[in-house]
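[1] quick one: sequence plus predicted model below, questions after.
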Amino acid sequence: MKKLALLALSALAVFGLSACGSTEEGWDASSTITVYTRDTSSGTRAGFMGGIDFDDAAEDDSLLVDGFVIKDNTGIFTSMKTDEYGIGYISLATLDETVKGLFFDGVEPTVANVINDTYGLKRPFNYVTRAMDDYANDTEKDISMAFVAFMATTDGADIITNQGAVPLESTETWDDIKADYPVCEQDNSAVTIKFGGSDSIEKIAKALTEEFAPKCGDFVPEHDHTGSSDGFKRTQGSEKDGDNYKHIGFASRPFKAEEAGETGTQGQLAWDAIVAIVHLDNEVSNVTAEDLKKIYSGEYTTWDELLD
Amino acid sequence: MEYIKNLKDKLKDAFHFNSKKERTDAVVRGFFLLATVLSASFIIVIVFFIALEGMIPFVTDNDGLGRVDLVRFLTGTTWLEGTAFQSNLYAVGFIIVNTLYIAFLSLLLSMPIGVLTALFIAKIAPKRIAEVLRTVVELLAAIPSIVYGLFGSGLIIVFVYNFAKLFGVQSKGGNSVLATVLVLSLMILPTITALSEVAIRSVGKDIEHGSLALGATRTQTNFKVVLTSAKSGIFTAAILGVGRALGEATAVSLVAGNARSGPSLGFFQTTSTLTSTMLQGLKETIGIDYDIRFSVGIVLMIVILITNMTLNFIKRKVGNVDVK
């Protein structure tokens, strides 16, 4: 009995250790490509599939190669640290040197290249506010308006840049325009402004409000980011008067036709670049839209087909 | 007439109190009843709500897409054929198989470990060590599932990926049946251990002493007498363990790879369960793609119900020894 248990234990230990230890034999191009994707409701997926001219696959899994893996943004990012033969796509904001961001049509995925409009794989970051006559009081409305104005200033642009997204062009600072928003002179510490919508924009929205609240009477920003669809739904759509109502919602994709709100309540605050990523050991460093489409549709199944 | 008179008397009895104490008793009883009705009615409300939402894809024409075919839904091998929001060809047949397969494997793995741990804590370990171990098990049971999920996606899938490489298998970054089973086994282990331990501890000392007096060794007694006597309680532990395995969503969706067709029976294949399928994209979707997740919820409730009934049936079959 004792011997048997010991034997089993040692066998388990050997297995465990050897599985942990490295079994590197270099990167093998003849290996199968493991395709990672976001699920069909993801704005990043829609942006990516649109960018590689494979729009139909944005909401149709059956067009993708067999055996794809569905993960979220961080899930795909961390998977590429492990899976030498995987390929996925993430927001440029998430990219760091622990994985390899692929050049797209020969252009490096950097903020500078998105600004000068040479990098092609990108999607818009949009905002939507409540309808003009649909605020509980004027203070909430005025603060929301001031926030929208702040996003378009150079101060706002700096924050957006720091978060890895790429802001639209701006010339004025907040100090130049703050006289137009007298509400920010008051003490707003009892006012709560609710932000929601796309979770891809959550980091940026939080950074913006953190900076802006002290500039505007210390209003209390409340963030609850649940996805692009909720951006419109909870400001002007079916949930605008529900418990989850928001003052300002975000969407990391263009607003759909049925999400057209009151004129002047919607706009763009930034661009987000999407970047195809692989493991650091991967020998591929540049892809075209066509390459990516062939990988995701299953036409290329091994890496050497792409390298040839 | 006679009947009404009787009824009147009964009512009189019911509302007639001999003393203040009896009245207090009645009031307290009333409160208990109220609490029971309240908690029981929540179950009804939940089931009713899920059923109502989940029926929509089968009874309405889903904004022109047409009704979902129930038989196809229950037997198909691809989650959705065609474009989301433009197709009604949903199916969960393979996911039901995946879910049961994973729950079964998880139970197979954690049942022996859990029961043996429980036996050790209850019968073999010195009192002080047993106390510490019991606290550890209780702590493990209290860890939220997302933490297990993070552990799984940070450590277990990397382990599985390298483990597969040993066999020359290129897994999908470790997202697999095996990773899911490992995470779920970890999660249900404390449940099984804690409940089995209670069951083992409640085995009568006289049975144990009888066995020892007949000349059986400690080990023989523990395995042949104590465990057999506690098997009803251990079965209850298994039932609750399976319940948790079937119902876990967060941790599973982080390590399963969320396959959209199947069933996945190979250890290194990506997989999906009913719960992970419900969770994927739930917060970002609308229309039929949203409603159909409630239908999956109904299927899940039925699967859990049937599994529990089966296990309860087996539990009755294997019988019971007199246990305090």
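    Sure thing, it's come through. Residues are numbered from 1 along each chain as shown, chains lettered A, B, ... in the order given.
[2] helices of the stretch 101-250 of chain B, start to end?
    Taking DSSP state H, counting those that start in this stretch to define them, one finds helices in the stretch 101-250 of chain B at B:127-142, B:145-151, B:157-166, B:177-201, B:205-213, B:218-220, B:227-229, B:231-247, B:250-255.
[3] with respect to residue B:318, which of the ones you listed lies nearest?
    Nearest to residue B:318 among the helices of the stretch 101-250 of chain B is helix B:231-247; the distance by Cβ to Cβ comes to 6.0 Å. The way it works is simple: take the backbone N, C-alpha and C, and place the C-beta from them, glycine included.
[4] by how many degrees do that closest one and helix B:177-201 diverge?
    150 degrees (axes from the mean of the first three to the mean of the last three Cα atoms, to 10 degrees).
[5] and helix B:231-247, how far out from the chain middle?
    7 Å (Cα atoms, centre = their mean, to the nearest Å).
[6] same for that helix, what does it pack against?
    Counting contacts by 3 or more Cβ pairs under 8 Å, 6 or more residues apart in numbering or on different chains; DSSP states H and E, helix B:231-247 is packed against helix B:93-119, helix B:177-201, helix B:274-279, helix B:287-318.
[7] between those, which gets nearest to chain A?
    helix B:287-318 (7.3 Å; Cβ to the nearest Cβ).
[8] now do the helices in the stretch 51-200 of chain A.
    Going by DSSP H, counting those that start in this stretch, the stretch 51-200 of chain A shows helices at A:73-82, A:111-115, A:138-151, A:154-162, A:174-177.
[9] and the second one, average pLDDT?
    For helix A:111-115, mean pLDDT rounds to 83.
[10] and the contacts of stretch B:227-245?
    Stretch B:227-245 is contacted from outside by B:102-103, B:106-107, B:110-111, B:114-115, B:118-119, B:184, B:187-188, B:191-196, B:198-200, B:202-204, B:207, B:304, B:307-308, B:311-312, B:314-315, B:318-323, using Cβ atoms under 8 Å, 6 or more residues apart in numbering or on different chains.
[11] separate out the buried members of these.
    Buried members of the contacts of stretch B:227-245, counted by 16 or more other Cβ atoms under 10 Å in any protein chain shown: B:102-103, B:106-107, B:110-111, B:114-115, B:118-119, B:184, B:187-188, B:191-196, B:198-200, B:203, B:207, B:304, B:307, B:311, B:315.
[12] give me the neighbour count for residue 89.
    Going with chain A. 26 (other Cβ atoms under 10 Å in any protein chain shown).
[13] wait, chain B was what I had in mind.
    17.
[14] gap between it and chain A?
    The gap separating residue B:89 from chain A is 9 Å, by Cβ to the nearest Cβ, to the nearest Å.
[15] okay, now the domains of chain A?
    Following automatic domain parsing, one gets these domains for chain A: A:30-121+A:273-307, A:124-272.
[16] in TSV, list these along with distance to chain B.
    Shown next, in TSV, are the domains of chain A (distance: least, Cβ to the nearest Cβ, whole Å):
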stretch	distance to chain B
domain A:30-121+A:273-307	3
domain A:124-272	4
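[17] tell me who's in contact with the residue nearest to residue A:26 when sequence neighbours are not counted.
    Leaving aside its chain neighbours, residue A:26 sits nearest to residue A:281 (7.8 Å; criterion: Cβ to Cβ, 6 or more residues apart in numbering or on different chains). By Cβ under 8 Å, 6+ apart, the contact set of residue A:281 is A:26-27, A:84.
[18] can you pull out the low-pLDDT segments for chain A?
    The model of chain A has pLDDT under 70 over residues A:1-25, A:164.
[19] what segments of it are strands?
    A:34-37, A:69-70, A:86-91, A:100-101, A:103-104, A:122-129, A:166-167, A:192-197, A:220-225, A:248-251, A:266-278, A:286-287 (DSSP state E).
[20] want to throw those into TSV with distance to residue B:19?
    TSV is the format used below for those (distance: least, Cβ to Cβ, whole Å):
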stretch	distance to residue B:19
strand A:34-37	73
strand A:69-70	68
strand A:86-91	73
strand A:100-101	82
strand A:103-104	86
strand A:122-129	67
strand A:166-167	79
strand A:192-197	55
strand A:220-225	56
strand A:248-251	63
strand A:266-278	72
strand A:286-287	87
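[21] any idea which of these is most buried?
    Of all the strands of chain A, strand A:248-251 carries the top mean neighbour count, a mean of 28, counting by mean count of other Cβ atoms under 10 Å in any protein chain shown.
[22] mind listing residues that contact it?
    So strand A:248-251 is contacted by A:43, A:125-130, A:144, A:147-148, A:193-198, A:201, A:205, A:225, A:228-235, A:259 (Cβ under 8 Å, 6+ apart).
[23] and that strand, how far from the chain's centre?
    Distance, stretch centre to chain centre, for strand A:248-251: 13 Å (Cα atoms, centre = their mean).
[24] with just CA atoms, put that strand into PDB.
    Provided in PDB are the C-alpha atoms of strand A:248-251 (Å, rounded to 0.1, in the frame of the first residue of the first chain):
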ATOM      1  CA  ILE A 248     -22.800  59.700 -21.000                       C
ATOM      2  CA  GLY A 249     -22.300  56.400 -22.900                       C
ATOM      3  CA  PHE A 250     -19.500  55.200 -25.100                       C
ATOM      4  CA  ALA A 251     -19.300  52.900 -28.000                       C
END
